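J.: got a sequence here, can you model it:
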Amino acid sequence: MTKKIWVVDLGEAITKIILGSSDKNGIMVVENFWIEKTPRDVFREGLPEKKIDLVVFIRSLLKGHHPRDELMLVFNHSRMIMASFNFPMMAVEEVHEALFWKMQVIIPERFEDWRLDFLARERIEIFEYLGINEKKLDVLGIGIPTNVLTAYCSSFKGAKHVLKIIEPQFHGLGRLLKKNGEKTNLIIDMGYTSTRLLLYSQGFLKEERRIKAMVETDIKTFLSPMIEGVMESLQSPLSHTRGFEIETIFLLGGGSLVPGVLEYLREKINKKIVAFSILARNSEVFKFQKEISEKDLCLLMPCLGGMLKWPNKK
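T.: As a prediction, this is how the structure comes out:
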């Protein structure tokens, strides 16, 4: 019997779930999906609380889940900290130790109350005139408060479910870009409380900046801080030292579905701008067993990125 994969994105406003499996060819088969409003007043200060309304909500959405199935949570939290570093080539244990000291400077609170993780990518610097190839490591450090992870785990345990994997959303977004052969892109992730600018380059995704969301009916006022942030990222001295040009800007998240957003951004930013959902719609990586609208596909992209963990899982 094929093991089922459940990927959950439990948000303050909306909860998204995908149910699927990986076939013998590594294609991700999406069998079903749910997009439901999260019950009111079950989050406090950005954290889910083990309230009866949330327990019943989770249990009802996962009623078909079997203990043998995989259960994954993808999340994005305002207190999550990401920072990029450049290290000489070293062993994994040495990377962890170096990252430990670097992140202590950045994290503003009791360091022992945080959980650290990292992604690392080997980079070869070619010195043309000297004829020397030097290997280095690009490292992305991720810090998450332990109480954030505990809050999510407790909510699912209260509903009699155990999370097997918890992962920041941007991990999966990076997999989607890599699977589709993308090289250098900027993602504008327009969430419920904030907008994140995520830079993807050569298989590495990191956060450029975070912009607080403005609840406005006027689209110009709504998008003004975001456009300013994008232009600063494109025109800053740091962007020129990277040695590459951003090819495409992808729009993601519920805010990108507001009528007129895509057209207004194209007018103000002189770059190719498309919906991030195009990577799933035009991809041979996914097979959908039921019809899915563009709106639903946009909201489910973080869950689809999470699913891509399994074909490569050892």
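J.: could you dump stretch 104-111 to CSV, C-alpha only?
T.: Extracted as CSV, the C-alpha positions of stretch 104-111 are listed here (Å, rounded to 0.1, in the frame of the first residue of the first chain):
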residue,chain,number,x,y,z
GLN,A,104,24.4,34.4,19.0
VAL,A,105,25.2,37.9,17.9
ILE,A,106,22.0,38.2,15.9
ILE,A,107,19.4,36.6,18.2
PRO,A,108,18.1,39.3,20.5
GLU,A,109,17.0,37.1,23.4
ARG,A,110,18.1,34.1,25.6
PHE,A,111,20.0,32.0,23.0
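J.: now residue 65: closest residue in space, sequence neighbours ignored.
T.: residue 6 (5.7 Å; CB to CB, 6 or more residues apart in numbering). Yep, even glycine has a C-beta here, placed from its N, CA and C like the rest.
J.: correct me, but that neighbour touches residue 30?
T.: No. The pair residue 6 and residue 30 does not pass the contact test of CB atoms under 8 Å, sitting 11.6 Å apart.
J.: any common contacting residues for the two?
T.: Here residue 6 and residue 30 share the contacting residues 18, 19, scored by CB atoms under 8 Å, 6 or more residues apart in numbering.
J.: ok, back up a step: may I have the strands that pair with the one helix or strand the residue nearest to residue 65 maps to, each with its orientation?
T.: Assessed by DSSP states H and E, residue 6 sits inside strand 5-10. With DSSP bridges as the test, strand 5-10 is paired with strand 14-22 (antiparallel), strand 70-75 (parallel).
J.: neighbours of the closest residue to residue 172 other than its chain neighbours, how many?
T.: Closest residue in space to residue 172, ignoring its immediate chain neighbours: residue 305 at 2.2 Å, by CB to CB, 6+ apart. When counting by other CB atoms under 10 Å, one arrives at 26 neighbours for residue 305.
J.: residue 305: what secondary structure?
T.: Classification of residue 305 using DSSP: H, G, I helix; E, B strand; the rest coil returns helix.
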